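J.: model the following, please.
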Amino acid sequence: MKICLIEPFHAGSHAAWACEYARCSRHDVELLTLSGRHWKWRMHGGAVTLARRFMENDSKPDLLLASDMLDLTTFLALTRKKSAALPTALYFHENQLTYPWSPTDADTAQQRDAHYAFINYTSALAADAVLFNSRYHRETFIAELPAFLKGFPDENELESLELLSAKSTVLPLGLDLQRLDRHRPKETKGASAPPLILWNHRWEYDKNPEEFFAALYRLQEEGLGFEVAILGESYRKFPKVFTEARQQLGKRIVHFGYAENFADYARWLFRADILPVTSSHDFFGASVVQAIYCGCTPLLPRRLAYPEHLPAALQERFLYDGFDDLLERLREMLQSLPVPETTELREHVGRYDWGELAGRYDDLFETLAGGRTGTP
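T.: Okay, the predicted model is just below:
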């Protein structure tokens, strides 16, 4: 069958997900995208541009698969001559209802922030299937909708939530984890080397870097030995704590900044020993999964989607509760090295590899399309 995958914000994890699924699927997946910038304009106007391109294209898909950045209602209205009979699936990488707003975003002060969440809501109503990348994501989005709708003056359509919930399911984010294996070092790390603590997330407020570095400052004051690799994507404006940490941690920082290429990124993940995660927001956590897959021992907060990435039997060992607990567990790890690699963790997150998930995606979309195969 033929799938038209529509992505108005084709960058970063959105682009990786779209391109990797297109490559791994047994179906013919055609991408319809816009560049990944100006996210608010993409949510408002992207549907108009993509609808025009869709109508100009001679392709005749069996199914539409759109990301949460698309105003699906506008897209379907403008393409109804071609899309009226097509089944549609909406994939939520994130949502604007429960995503924490940046403290520097001017829209919050001007009370213009509700419309983006409303686009997510109406798009979900218009779709035949609503897919979330984690159980946490699905549960929090649906749980928050009643209060959101009650914030409007009347005709709140609360009855729609039962329908939305019924057609919603969890379809984990697919990742090319096997690509990391190609960069696995042949030699093992020397026992005398200081333990390496890893940061491999975006340099943004919702990843809570202040708490991460506060823990490292405390450990440094106590005289514990460790090094730090600070990876992850940064932007023109990023939290000042990164600059402060570079000065305060000094020579302990062995890498600071975005990895030049994927091979370098993978090598740092394999080299790292401990991944203390302090994020206050994450709908899935691809960087966390990648590090676990490479054998880096995680310390994850007991919140968000993180418990889903650990086997139930190991959650008490690798989940922490609050800053003091994080600090104590980090201290214990640094004092009882080497940190043993837990193969159960790697095997558990290995289920997110496209080798495991692509068939699940394909089967779901084939069923949604009514059994039409048309596979090339």
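
J.: going forward, measure contacts and count neighbours with C-alpha atoms only.
T.: OK.

J.: ranges for the helices of the stretch 251-376 of the chain?
T.: Using DSSP state H, counting those that start in this stretch, the helices of the stretch 251-376 of the chain run over residues 262-271, 286-293, 315-318, 322-335, 343-349, 354-368.

J.: right, and these - which one's nearest Leu125?
T.: For the helices of the stretch 251-376 of the chain, proximity to Leu125 was assessed by C-alpha to C-alpha; helix 354-368 is nearest, at 15.9 Å.

J.: which stretches of this structure have low pLDDT?
T.: 100-113, 189-191, 339-341, 371-376 (pLDDT under 70).

J.: strands of that one, residue ranges please.
T.: Ranges of strands in the chain, per DSSP state E, are 2-10, 28-35, 63-67, 88-92, 129-132, 168-170, 196-199, 227-230, 253-256, 274-276, 297-301, 319-320.

J.: of those, which stretch is the most buried?
T.: Highest mean neighbour count among the strands of the chain (mean count of other C-alpha atoms under 10 Å): strand 88-92, with a mean of 26.

J.: relative to that strand, what are the paired strands and their orientations?
T.: strand 63-67 (parallel), strand 129-132 (parallel) (DSSP bridges).

J.: just the C-alphas of that strand, formatted as PDB.
T.: Output in PDB follows, covering the C-alpha atoms of strand 88-92 (Å, rounded to 0.1, in the frame of the first residue of the first chain):
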ATOM      1  CA  THR A  88      -6.000   9.100   8.400                       C
ATOM      2  CA  ALA A  89      -3.700   8.500  11.300                       C
ATOM      3  CA  LEU A  90      -2.300  11.300  13.600                       C
ATOM      4  CA  TYR A  91       1.000  10.600  15.400                       C
ATOM      5  CA  PHE A  92       1.800  12.600  18.500                       C
END
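
J.: what sits up against that strand?
T.: With C-alpha atoms under 8 Å, 6 or more residues apart in numbering as the test, strand 88-92 has contacts from 63-68, 123-124, 127-133.

J.: just put the strands of the chain in JSON lines and tack on distance to Leu76.
T.: Output for those, formatted as JSON lines (distance: least, C-alpha to C-alpha, whole Å):
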{"stretch": "strand 2-10", "distance to Leu76": "12"}
{"stretch": "strand 28-35", "distance to Leu76": "14"}
{"stretch": "strand 63-67", "distance to Leu76": "10"}
{"stretch": "strand 88-92", "distance to Leu76": "10"}
{"stretch": "strand 129-132", "distance to Leu76": "15"}
{"stretch": "strand 168-170", "distance to Leu76": "19"}
{"stretch": "strand 196-199", "distance to Leu76": "41"}
{"stretch": "strand 227-230", "distance to Leu76": "43"}
{"stretch": "strand 253-256", "distance to Leu76": "45"}
{"stretch": "strand 274-276", "distance to Leu76": "43"}
{"stretch": "strand 297-301", "distance to Leu76": "40"}
{"stretch": "strand 319-320", "distance to Leu76": "43"}
